[in-house]
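Student: Take this sequence and fold it.
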Amino acid sequence: MYTSVLDRDVDHILVSAEEIDRITTHIAARIDEDYRETEGKLLLLGILKGSVVFMGDLMKKITVPVEIDFMKVSSYRGDTKTSGRIKIYLDLNRTDISECNILIIEDIIDSGRTLSYLTEYLRLNGAKSVRTCTLLDKPSRREVDFEADYVGTTIPDEFAIGYGLDYAEKYRALPYVGVLKPEIYTK
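Tutor: Numbers count the residues shown, from 1 in each chain. The predicted structure follows:
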């Protein structure tokens, strides 16, 4: 049994480590099937920082050849609201983008604004194809019409942490997705 000093801040578990393992196995099999006969390179594009854990586990289970790269993207934020404006802090810097079938890997989709923007941005920059993959989906928070091509599981509108998701840069290393106790983030 995994135990961390951070476990005490978790109200309850949304997605266990065992469920995550099943999800990554299932998604990897679908990716293999979809890209087995595809012309061009398969590029897994991780969105920093949250996707790193999910992408690492996923790529170990994909059997077709993959390359990896990263972008760091964020929505401008006011107090607690997203303005809808996207800022790219670390861009994809490749000369072979027209040869790449890009699969954007994200930890969670809330509003959908970031992935909607990135999908169009990468298409306009000449990617051969662009698809999206997320471990977690919160459709109740959607602000734009967007659905990922690969979705691990749908979760309720709760403050999710663990397995790459953080609060104040903590909790990313938890091997499961849990819900943060409200008293932690309302102090």
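
Student: Spatially central residue for the protein, please.
Tutor: Closest to where the C-alpha atoms of the chain average out (CA atoms, centre = their mean) is Glu106, at 1.4 Å.

Student: Now for it: which residues touch it?
Tutor: Ile47, Gly50, Ser51, Thr114, Leu115, Thr132, Cys133, Thr134, Leu135, Ala148 (CB atoms under 8 Å, 6 or more residues apart in numbering). Glycine gets a C-beta too; all of them are placed from N, C-alpha and C.

Student: Give the helix, strand or coil label for it.
Tutor: strand (DSSP: H, G, I helix; E, B strand; the rest coil).

Student: From Ser51, how far out is it?
Tutor: The gap separating Glu106 from Ser51 is 5 Å, by CB to CB, to the nearest Å.

Student: Then Glu99?
Tutor: With distances taken as CB to CB, Glu99 is found 23 Å from Ser51.

Student: State the distance from the closest residue to Leu58 other than its chain neighbours to Met55.
Tutor: Using CB to CB, 6 or more residues apart in numbering and skipping residues adjacent in sequence, the residue nearest Leu58 is Thr24, 5.0 Å away. For Thr24, the distance to Met55 (CB to CB) stands at 10 Å.

Student: Please, where are all the helices along this protein?
Tutor: Secondary structure of the chain (DSSP state H): helices at 17-35, 52-61, 113-124, 182-185.
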